[in-house]
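K.L.:
Sequence unavailable; structure follows:
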């Protein structure tokens, strides 16, 4: 068991906030912990798809695309599970929810909406003002600035919603718990409170990096017809996601380097909008989610170890 705990320390745990709870992604499992209306904490864990744990996750650039898709899929799954746990107060009930085809449809709709809002809409706006823009480089940079504005405006707007404010607090609790784990401290409320809510590997930082990298990549694509401009953006999304993930990964593993601080700086600043200081109950939920993920990984590792006669 000691060896398993050492492996858990070396693994980069992370997660997402969900409805009144936290999802944590482990090595081969993900967990969800939710504060129920009865003020108890319901937890559950499920194995990850081999797609998200196999060889492709170790391939340079490709893993960035895979992790972007994984974050979307796990996010939808975790929201479904958290809703079930919160209402029914039984971990077993989390298996009742969206069917596989409905889950796939939800992910596809979310992906289409995101691409439309953050990639196609900026192009449409620039298309109307293009006659007054002198160069293609300027046009593409303005497109990127509009994309960045839409992202910041969207995050700022949803931050005023009461329920989203609580989600942002759970988001902060998840980061603080991961910080404490990475600092090799026992996962207690007191220890978790020693850390701030921003974290360099946050998914928000990933999204912002995608937008910033896209400004550079798209800047030199010229100014073809609108249809070709849209197609070029869609085809290059995997490339942009791959580069963005590698930058986030580098900055997360070399946090003391100056260049890493430059890379992670904008994402850490943006997390002032997407995280809130959690209360003790929210921190307790984040701790339970992290414990559940680690225990699931340890149990699976124990089952794989050879046993004596």
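P.N.:
The structure has been received and is ready for your questions. These figures come from a predicted structure and were not determined experimentally.
K.L.:
Is residue 243 in contact with residue 65, as I believe?
P.N.:
No: using C-beta atoms under 8 Å, residue 243 is not in contact with residue 65; the gap is 10.4 Å. C-betas here are computed from N, CA, C, even on glycine.
K.L.:
How about residues contacting whichever strand or helix holds residue 171?
P.N.:
According to DSSP states H and E, residue 171 maps onto helix 162-182. Identification of contacts with helix 162-182 by C-beta atoms under 8 Å, 6 or more residues apart in numbering yields 9, 13-22, 24, 158-159, 187, 191-199, 202, 271, 274-279, 282-283, 285-287, 289-290.
K.L.:
Okay, and which of these map to strands?
P.N.:
Using DSSP state E, the subset of those located in strands is 14, 15, 16, 17, 18, 21, 22, 24.
K.L.:
Pull out the buried positions in stretch 290-301.
P.N.:
For stretch 290-301, the buried set under the neighbour-count rule, 16 or more other C-beta atoms under 10 Å, comprises 290, 291, 292, 293, 294, 295, 296, 297, 298, 300, 301.
K.L.:
how far away is the closest residue to residue 158 other than its chain neighbours from residue 83?
P.N.:
Distances taken as C-beta to C-beta, 6 or more residues apart in numbering place residue 164 nearest to residue 158, at 4.9 Å, with adjacent residues excluded. Going from residue 164 to residue 83 by C-beta to C-beta, to the nearest Å gives 15 Å.
K.L.:
Over to residue 39?
P.N.:
As judged by C-beta to C-beta, residue 39 and residue 83 stand 18 Å apart.
K.L.:
Please spell out which residues along stretch 114-133 are buried.
P.N.:
Neighbour-count burial for stretch 114-133 flags 118, 119, 120, 122, 123, 125, 126, 127, 130, 133 (criterion: 16+ other C-beta under 10 Å).
K.L.:
The third one touches residue 230, doesn't it?
P.N.:
Okay, so that is residue 120. Yes: counting by C-beta under 8 Å, residue 120 touches residue 230, with 5.9 Å between them.
K.L.:
phi, psi of the nearest residue to residue 20 once chain neighbours are set aside?
P.N.:
Using C-beta to C-beta, 6+ apart and skipping the chain neighbours, the partner closest in space to residue 20 is residue 35 (4.9 Å). The phi/psi pair for residue 35 (degrees, to the nearest 10) reads phi -80, psi 120.
K.L.:
So what sits opposite residue 35 in the bridge?
P.N.:
Applying DSSP bridges to residue 35 gives these bridge partners: residue 41.
K.L.:
and the closest residue to residue 26 other than its chain neighbours, what helix or strand is that in?
P.N.:
Using C-beta to C-beta, 6+ apart and skipping residues adjacent in sequence, the residue nearest residue 26 is residue 293, 3.8 Å away. Counting by DSSP H and E, the element that carries residue 293 is helix 280-304.
K.L.:
For residue 27, see how far away residue 183 is.
P.N.:
To residue 27, residue 183 is 20 Å away according to C-beta to C-beta.
K.L.:
nope, residue 80 is what I meant
P.N.:
The gap separating residue 80 from residue 27 is 22 Å, by C-beta to C-beta.
K.L.:
ok, now residue 19?
P.N.:
Distance of residue 19 to residue 27, computed by C-beta to C-beta: 25 Å.
K.L.:
Next, count neighbours for the nearest residue to residue 18 once chain neighbours are set aside.
P.N.:
Counting by C-beta to C-beta, 6+ apart, residue 18 lies nearest to residue 82, which is 3.9 Å off, once chain neighbours are set aside. Using other C-beta atoms under 10 Å, residue 82 is surrounded by 26 other residues.
K.L.:
same question, residue 280
P.N.:
Residue 280: 12 neighbours (other C-beta under 10 Å).
K.L.:
related to what we said a few turns ago, the residue nearest to residue 26 against residue 28, yeah?
P.N.:
No: assessed by C-beta under 8 Å, residue 293 is found out of contact with residue 28, at 9.9 Å.
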